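S.K.: okay, here's the prediction I keep looking at, along with the sequence it came from:
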Protein chains: 2
Amino acid sequence: MGYFDAASSVPLHPVARQALQASLDEGWADPARLHREGRRARLLLDAAREAAAETVGCRPDELTFTTSGTRAVHTGVAGVLGGRRRVGRHLIVSAVEHSCVLHAADTHEAAGGSVSQVAVDRAGAVTADAYREALRPDTALACLQSANHEVGTEQPVAEVAAVCREAGVPLLVDAAQSLGWGRVEGDWSVLTGSAHKWGGPSGVGLLVVRKGVRFAAQGPVDERESGRAPGFENIPAIVAAAASLRAVRAEAAQEAVRLRELTERIRARVPELVPDVEVVGDPVQRLPGIVTFSCLYVDGETLLHELDRAGFSVSSGSSCTSSTLTPSHVLRAMGVLSEGNIRVSLPPGTDAEEVERFLQVLPGAVAGVREKLDAPASGPVAREDGDDVLVVDSLGKRCPIPVIELAKVIGQVPVGGLVRVLSDDEAARLDIPAWCEMRGQEYVGEEPAERGTAYLVRRLG
Amino acid sequence: MGYFDAASSVPLHPVARQALQASLDEGWADPARLHREGRRARLLLDAAREAAAETVGCRPDELTFTTSGTRAVHTGVAGVLGGRRRVGRHLIVSAVEHSCVLHAADTHEAAGGSVSQVAVDRAGAVTADAYREALRPDTALACLQSANHEVGTEQPVAEVAAVCREAGVPLLVDAAQSLGWGRVEGDWSVLTGSAHKWGGPSGVGLLVVRKGVRFAAQGPVDERESGRAPGFENIPAIVAAAASLRAVRAEAAQEAVRLRELTERIRARVPELVPDVEVVGDPVQRLPGIVTFSCLYVDGETLLHELDRAGFSVSSGSSCTSSTLTPSHVLRAMGVLSEGNIRVSLPPGTDAEEVERFLQVLPGAVAGVREKLDAPASGPVAREDGDDVLVVDSLGKRCPIPVIELAKVIGQVPVGGLVRVLSDDEAARLDIPAWCEMRGQEYVGEEPAERGTAYLVRRLG
């Protein structure tokens, strides 16, 4: 079966499993105790810290084990903001950070801090210049992911770190997606990671705080993990996490070449095999295993289910697959199509035949969903004459219906004429402009309507 | 070998190990995903929640899995204080709570809240009346452990819960030490637990919040665990935790009788075998597996090492075994001797021979430490005449030296005469009064001295 959702989580690496088994017998005691069981647990914990630090590229006393990548981010953000409170309360994040970073930013804002979001280009990347512009005298911390979790785009971390260093502002790098592939380059100050992304067990995150960074842990702490991660240490899982990080790193260079070839194949072939597809994310500066595309006129959830039935596990940033019924904030920030969104993230070891079989299955799956939704046929829109402004009432209809209805009527207005789509679906705000760009029509803008929002589209051809 | 530190942590229960192994293959995926791997993980998580809820005695939707017992307490305390902020910002805790509760209280106080500590008797127990007196119109939350982790004393949780319920104040019960032994009785509102105390793996805590309790999680959260425990769920460990809780409960009634008999034996025999020992904690209302005693004129850390060399792993609340060089806050609140403190906490399955061997080894170990410290011989103090006030300068000397020096000179003052012990060791504040009580001398009080503190003792006999 094709498990293509490695960016969410991957199965335990064999090395991790072995390390976990072995340390269940040795690592269950309290490492703070003076007795032999405690000392044995402490030895395991110290050895795991040294191994992880060497792989990450930091000093062992800079590295704290947390209970998840999310917790590492929350602790790291709050700790630096607390430690640098006298400098100010301004926080910079990119618009495409993982939600745990944005949640930490929301909490900071709710407590009276200020937050700037750095925009990304259509490929999902920030620029160092944008960070330079966002920096202020009261900036306490800047955050940037090493690579994006939804589209795979790598960020210019080293350049942004240099800009921040120049301004004396620490940069926190969320390296959850990339740490298994290699060290994070550049002069960053704080780094976070998550073990289950690299084949380690759940329940382990990494927080690295460089010496010299002012850090004041927030909330109640205890004497464990240098006062940065309260609660009993999960030593067997920590040992397994450190062992698997080392193991995947040893295989990373070779595996990256192989997976990159496979995702390159998907990037190239999907637009040939499936009409009306937008492949998103940077084609070059990207993680080896992730490729993301969106399919016009497709309901992402139904497509997920079709692919699941065919044996492929992928994920989607479409609004219909989120509990809030809004498209992924990453796709939104990039300004790309969100309907029929599919992220393929290949775990290490994926073989080429599985990818080939996916490419065989995908066109039929997309066509099946489109047929059910009565989507318009692909190709240039028929040129007919009609009214100058045509109103499409899509109120109460969810993605991808508003875009399908727009596509169906655009041919009914004359060239230069307008279609006014009424919609109360959040996804329309993203998908109607994206459709215009894909179809060579002009997106005029939106205005409030009596109910929902009116999206104006001018027929160009 | 005798691992007698079960109150810190116990090895993985065989059922937990089996459940962990089995769910490593099934429970690694993201339970929020729609694909088969995600659905499978979700099923495991839901089943574990139902099993744990049934064992605890709550609804599944009242139970959140956290990453540790400590995290459960921190989240529970902050969540109720946040949810009931309009009622007020007063928090009640007992003086003998686990340090994680006291850390949460400190954080609350630092943020402008107020905290009342309910005192305990010499056995370490609170009374419902003391909680009633502590309740105020602005009390947002009261906390009480089900049983004490250092001395094993069970608290009157049901009575305190009734008093709190009457006042409309939720009671949070830290049940870390008792949850493996049975349900917590009474009408509590919030309950916390820790899996590695009952043979589950590290990395799993329980937080139960009864329906109807106002709760507002603090800090950044996400959509996981009802918005109460952010970060990727550790499903294999959660499954193992729930399975082992059920397993230890099935054996609990029988095992409790057996362990109680063994700790009863220690309680009775230690004072016979070792001179100058105070057994602390309630002799009746106590956990089956814990017994704690303190040995006059003994350095706790040295005694731990002696016992460790003889193959016994125990813990100590003596000041010399803490990083802060202060005695355990529990012993302090009870007003009992802290020097030479030993907690024996037997894991389920401990056999009687091991306990017998411990009782054989202990007297020699204590005698050895006393000999090294040149401790006074036991028995009544020699009656000699001497000066009316004798000053002992113990400045710069650590526990148990100040008490040893006091004991050596008390015979040099006449009956009715005073010894003035100068000490800058925190443990002296606890141990000199405790020594007076054990020796039938009068503790007059303390006063500031030029350096350190002067402790005044009147010779009575």
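M.R.: On my side now, so go ahead.
S.K.: quick one: mean pLDDT over stretch A:297-313.
M.R.: When pLDDT is averaged along stretch A:297-313, the result is 95.
S.K.: and it, how far from the chain's centre?
M.R.: Taking Cα atoms, centre = their mean, to the nearest Å, one finds the center of stretch A:297-313 at 20 Å from the center of the full chain.
S.K.: with stretch A:39-52 instead?
M.R.: For stretch A:39-52 - counting by Cα atoms, centre = their mean - the centre lies 31 Å from the chain centre.
S.K.: residues from the stretch 201-350 of chain A in reach of chain B?
M.R.: Residues of the stretch 201-350 of chain A that fall close to chain B, judged by Cβ under 8 Å from any Cβ of the partner chain: A:201-203, A:205, A:218-223, A:230-237, A:301, A:304-305, A:308, A:313-315, A:321, A:323. C-beta: built from backbone N, CA, C; applies to glycine.
S.K.: ok, now with 6 Å
M.R.: Applying Cβ under 6 Å from any Cβ of the partner chain, we find that the stretch 201-350 of chain A lies next to chain B at A:S202, A:G203, A:G219, A:P220, A:P230, A:G231, A:F232, A:N234, A:A237, A:L304, A:D308, A:S313.
S.K.: which two of those residues have the greatest separation?
M.R.: In terms of Cβ to Cβ, those reach their longest pairwise distance at A:P220 and A:D308, which sit 42.3 Å apart.
S.K.: neighbour-wise, which of those two wins?
M.R.: A:P220 (23 against 20; other Cβ atoms under 10 Å in any protein chain shown).
S.K.: sec struct for that one, please.
M.R.: coil (DSSP: H, G, I helix; E, B strand; the rest coil).
S.K.: right, and it touches B:T75 too?
M.R.: No - using Cβ atoms under 6 Å, A:P220 makes no contact with B:T75, being 10.2 Å away.
S.K.: check which helices and strands the lengthiest helix in chain A sits against.
M.R.: The helix that spans the most residues within chain A, counting by DSSP state H, is helix A:235-273. Using 3 or more Cβ pairs under 6 Å, 6 or more residues apart in numbering or on different chains; DSSP states H and E, the elements in contact with helix A:235-273 are helix A:14-24, helix A:36-56, strand A:277-280, strand A:290-295, helix A:352-372.
S.K.: could you point out which of those sits nearest B:L24?
M.R.: helix A:14-24 (6.6 Å).
S.K.: so what touches the closest one?
M.R.: For helix A:14-24, contacts defined as Cβ atoms under 6 Å, 6 or more residues apart in numbering or on different chains pick out A:L44, A:G199, A:G200, A:P236, A:V239, A:A240, A:A243, A:S244, A:A247, B:L12.
S.K.: likewise for stretch A:178-190?
M.R.: A:57, A:76, A:146-147, A:157-158, A:161, A:165, A:170-173, A:175, A:191, A:193, A:198, A:209-210, A:213, A:248, A:252.
S.K.: ChimeraX command for the buried members of these?
M.R.: To isolate the buried members of those in ChimeraX, using 16 or more other Cβ atoms under 10 Å in any protein chain shown:
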select /A:76,146,147,157,161,170,171,172,173,175,191,193,198,209,213,248,252
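S.K.: single out the most deeply packed of the helices and strands packed on helix A:235-273.
M.R.: Across the helices and strands packed on helix A:235-273, the average number of neighbours (mean count of other Cβ atoms under 10 Å in any protein chain shown) peaks for strand A:290-295, which reaches a mean of 28.
S.K.: let me see the residues that make contact with the next helix or strand after it.
M.R.: For strand A:290-295, the following helix or strand on the C-terminal side (DSSP states H and E) is helix A:300-309. For helix A:300-309, the external contacting residues (Cβ under 6 Å, 6+ apart) are A:V314, A:S316, A:S318, A:C320, A:T321, A:G340, A:N341, A:A365, A:V369, B:L34, B:H35.
S.K.: in helices only, show me those.
M.R.: Checked against DSSP H, the contacts of helix A:300-309 include these in helices: A:A365, A:V369.
S.K.: got the contacts of helix A:300-309 as TSV, with distance to A:E272 columns?
M.R.: What follows is the contacts of helix A:300-309, written out as TSV (distance: Cβ to Cβ, whole Å):
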residue	distance to A:E272
A:V314	19
A:S316	21
A:S318	22
A:C320	26
A:T321	26
A:G340	17
A:N341	19
A:A365	16
A:V369	19
B:L34	27
B:H35	26
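S.K.: lowest pLDDT pick from the contacts of helix A:300-309?
M.R.: With pLDDT as the yardstick, A:T321 is the minimum among the contacts of helix A:300-309, at 78.
S.K.: count the neighbours of that residue for me.
M.R.: By other Cβ under 10 Å, the residues close to A:T321 number 20.
S.K.: let me see the contact set for it.
M.R.: A:G300, A:E301.
S.K.: roughly how far does it sit from A:R267?
M.R.: From A:T321 across to A:R267, the span is 22 Å (Cβ to Cβ, to the nearest Å).
S.K.: what do you get for A:R132?
M.R.: Distance of A:R132 to A:R267, given as Cβ to Cβ: 31 Å.
S.K.: all strands of the stretch 1-150 of chain A, in order?
M.R.: A:2-3, A:63-66, A:90-94, A:114-118, A:139-145 (DSSP state E, counting those that start in this stretch).
S.K.: dump the ones you listed to JSON lines, plus mean pLDDT and mean neighbour count.
M.R.: Output for these, formatted as JSON lines (pLDDT from 0 to 100; neighbours: other Cβ atoms under 10 Å in any protein chain shown):
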{"stretch": "strand A:2-3", "mean pLDDT": "94", "mean neighbour count": "22"}
{"stretch": "strand A:63-66", "mean pLDDT": "98", "mean neighbour count": "26"}
{"stretch": "strand A:90-94", "mean pLDDT": "98", "mean neighbour count": "25"}
{"stretch": "strand A:114-118", "mean pLDDT": "98", "mean neighbour count": "18"}
{"stretch": "strand A:139-145", "mean pLDDT": "98", "mean neighbour count": "27"}
